[in-house]
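Undergrad: predicted coordinates and the sequence they were generated for:
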Amino acid sequence: MRVAIVGGKLQGVEAAYLAQKAGWEVILIDKDKTVPAARLCDSFRCLDVTRQDELVKVLNKCELIIPAFENKEALASLLLSSQLTGIPMLYDDGAYSISSSKIRSNRLFADLGVPAPVPWPKCGFPVIVKPSDASGSEGVLKIRNQSELNLQKTLLKENHPWVIEEYLEGPSYSIEVIGFAGQYKAMQVTELQMDGNYDCKRVLAPARLERGLKKQFVETALKIARKLQLNGIMDVEAILHKGQLKVIEIDARLPSQTPTVVYKSTGLNMLQIIGEAFAKGQPWKAFEIEDNRGVVYEHINVFPYRMEISGEHIMAGAENLQLCNGLFGADEVITDYIPGKKHWVATLIVTGKNRQEAWNKRCQVIQRIREEMGISSYLDTSPYEKSLFELRSM
């Protein structure tokens, strides 16, 4: 199957990786020819999606359109192109309009009785302040007291909606749900680890979450998907705070990072499953999800004599990313590294027969990079401890 992936940044990297694993021919479309995913496809077209005449010529050669960006004006234009050509687009406009607003998402959680962060001023300090229409860690701030909040309020844009809610401390988890024609399937639960700026630096599978809580998380994700009447893909993120899973965010779009981890752990390619449903116009056959392998997926930022484990934002500005098998002993590496380069970034993908074996192998990969690059300084921060530390067991 030939597919058009529109957008070549982080979502585009994810989509291109999974599409290639599905055996699809990938045409990547972006108006910027230097986007990270530009070399992870079979062919690249430098196009602005709002220029429909040119775009339709490319789309007519494809069987499926996969949007991999979040600009609402461009999404509307791409949806119109999909309707004009009759080529299915893996996108749910109604679900996305809710998930792209934290205010509307929080209202949905309240209507469904889904545990979520307590809104300010019903909660105490510290609190989290975040823009309603941003995704992930973008614009997220931790406020420790009333003075800081008063100061921050003077800096917030008046015409920009913000959400203020309780600060949750605990491990983070994610789950994807796919939906088509009234049929829904929750995928594997993965575990997320953040850097000091609340950006996801590492994804682990299978998640270490008590069975009852995992079942509850699956049921919550399916409840949300059914309420949205989801036609597409959605991810749900939650934090385990004082023994309770609280949902902090939903995104009705192809996420980055976690689908690859689910694929490496379970062997199930969720993009392939939902993409074929859209292309063929019929739901998938029933399947089970099994934790077959342990996976560690993380981002590294390498400088002369220094390595930092960082959130995925470091990959967004990289050019000429390539997928390398076996580099430094990892299963796969997505990177802009070439021999002799002083500063480079990489996503390491490491697997093992279980999570501990994957972690041990990951540590060997890190050590090999440090030895080969002459790296003496290693930094791995978290939101709870912005200092140098090395995790011994995951």
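TA: Yep, it's here.
Undergrad: okay, now the unreliable bits of this structure?
TA: Applying pLDDT under 70 to the chain flags residues 135-138, 155-159, 384-394.
Undergrad: let me see the domain layout of it.
TA: Domain segmentation of the chain under automatic domain parsing yields 2-91, 96-102+169-280, 118-166, 294-380.
Undergrad: so which of the ones you listed comes closest to residue 109?
TA: domain 96-102+169-280 (5.9 Å; CB to CB). C-beta: built from backbone N, CA, C; applies to glycine.
Undergrad: ends of that closest one, what's the gap?
TA: Domain 96-102+169-280 has an end-to-end distance of 22 Å (criterion: CA to CA, to the nearest Å).
Undergrad: chain center to it, what's the gap?
TA: In terms of CA atoms, centre = their mean, to the nearest Å, the centre of domain 96-102+169-280 is found 9 Å from the chain centre.
Undergrad: ok, stretch 351-369 next?
TA: Its chain's C-alpha centre and that of stretch 351-369 lie 22 Å apart, by CA atoms, centre = their mean.
Undergrad: give me the contacts around that stretch.
TA: Contacting residues not belonging to stretch 351-369 are listed as 204-206, 208, 264-265, 293-296, 298, 300, 302, 307, 328-331, 348, 350, 375, 378, 393-394 [CB atoms under 8 Å, 6 or more residues apart in numbering].
Undergrad: please convert the buried members of those residues into ChimeraX selection syntax.
TA: Paste this into ChimeraX to select the buried members of the contacts of stretch 351-369, with burial taken from 16 or more other CB atoms under 10 Å:
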select :204,205,206,264,265,293,294,295,296,298,300,302,307,328,329,330,331,348,350,375,378,394
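Undergrad: so which of the contacts of stretch 351-369 are in helices?
TA: Judged by DSSP state H, the contacts of stretch 351-369 include 264, 265 as members of helices.
Undergrad: so where do the strands sit in the stretch 151-300 of the chain?
TA: Assigned by DSSP state E, counting those that start in this stretch, the stretch 151-300 of the chain shows strands spanning 162-166, 172-180, 183-186, 190-194, 200-205, 232-241, 244-251, 294-303.
Undergrad: picking up where we left off before, would CSV of the domains of the chain with distance to residue 108 be doable?
TA: As requested, the domains of the chain are arranged in CSV below (distance: least, CB to CB, whole Å):
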stretch, distance to residue 108
domain 2-91, 19
domain 96-102+169-280, 6
domain 118-166, 13
domain 294-380, 26
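Undergrad: between these, which gets nearest to residue 112?
TA: Using CB to CB, the domains of the chain put domain 96-102+169-280 closest to residue 112, at 5.9 Å.
Undergrad: who are the neighbours in contact with the residue nearest to the spatial centre of the chain?
TA: Nearest residue to the geometric centre of the chain (CA atoms, centre = their mean): residue 256, 2.8 Å. Contacts for residue 256 (CB under 8 Å, 6+ apart) come out as 10, 11, 13, 14, 312.
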